[in-house]
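Novice: Okay, sequence plus prediction incoming.
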Amino acid sequence: MSTVRHILLLILAFVLQTTWVHSFEIAGLKPDLPLLILVYIALRAGRLEATILGFCIGFVQDIYTPADLGLNALVKSLIGFAVGYGRIGVVADNFQVQIALVFGAAAVHNLIYYLGSSAISLVDVPFFWLRYGLGGALYSCMFGAILSGLLLVRRRLFPL
């Protein structure tokens, strides 16, 4: 049942990423909602489910923007595996650890994506990564912290 919930969360994140997140754009930076959900899945379910679902959501993103077909699927599956594999060695329930993992995952995701993208020459990768990669990672990190805080407040006010 949790796998179905994870799939539905990724679909919701993709729909929100393609429709609603554009209104939160600041200086060309947007939070990466599918990546946030993928990190959440990797911390909760482990590396196998996160790798498979990372590949699936990455492939859906590749179909939506087919310029570099397969690159999102590769990067998202690598990030899902890495975070899922590394969750054993860290205290994954700690809020600061979760925020640091989101920042690290987003920064590495953006770096690998820029290295593999055909739209960016290798000479321009450091500029794009420093400007958009780290900025987008920080924005995703802040967005994830706010979302996590809101979910924590909801959980305390309305326990199931």
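Specialist: Done, it's in.
Novice: who's in contact with the most centrally placed residue in the chain?
Specialist: Among the residues of the chain, the one closest to the centroid is L35, at 1.2 Å (CA atoms, centre = their mean). L35 is in contact with 76, 79, 102, 105-106, 109, 140, counting by CB atoms under 8 Å, 6 or more residues apart in numbering. Quick note: C-beta positions are derived from backbone N, CA and C, even for glycine.
Novice: could you redo the last one with a cut-off of 10 Å?
Specialist: 13, 17, 54, 57-58, 75-76, 79-80, 83, 102, 105-106, 109-110, 136-137, 140, 144 (CB atoms under 10 Å, 6 or more residues apart in numbering).
Novice: Pull up the gap between F24 and R131, please.
Specialist: Computed as CB to CB, to the nearest Å, the F24 to R131 distance reads 18 Å.
Novice: Look at those two and report which has more neighbours.
Specialist: R131 (14 against 11; other CB atoms under 10 Å).
Novice: need the contact list for the more buried one.
Specialist: 27-29, 124.
Novice: any chance of those residues in JSON lines, with secondary structure, pLDDT and neighbour count too?
Specialist: Shown next, in JSON lines, are the contacts of R131 (DSSP: H, G, I helix; E, B strand; the rest coil; pLDDT from 0 to 100; neighbours: other CB atoms under 10 Å):
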{"residue": "A27", "secondary structure": "coil", "pLDDT": "89", "neighbour count": "8"}
{"residue": "G28", "secondary structure": "coil", "pLDDT": "87", "neighbour count": "9"}
{"residue": "L29", "secondary structure": "strand", "pLDDT": "92", "neighbour count": "18"}
{"residue": "D124", "secondary structure": "coil", "pLDDT": "92", "neighbour count": "13"}
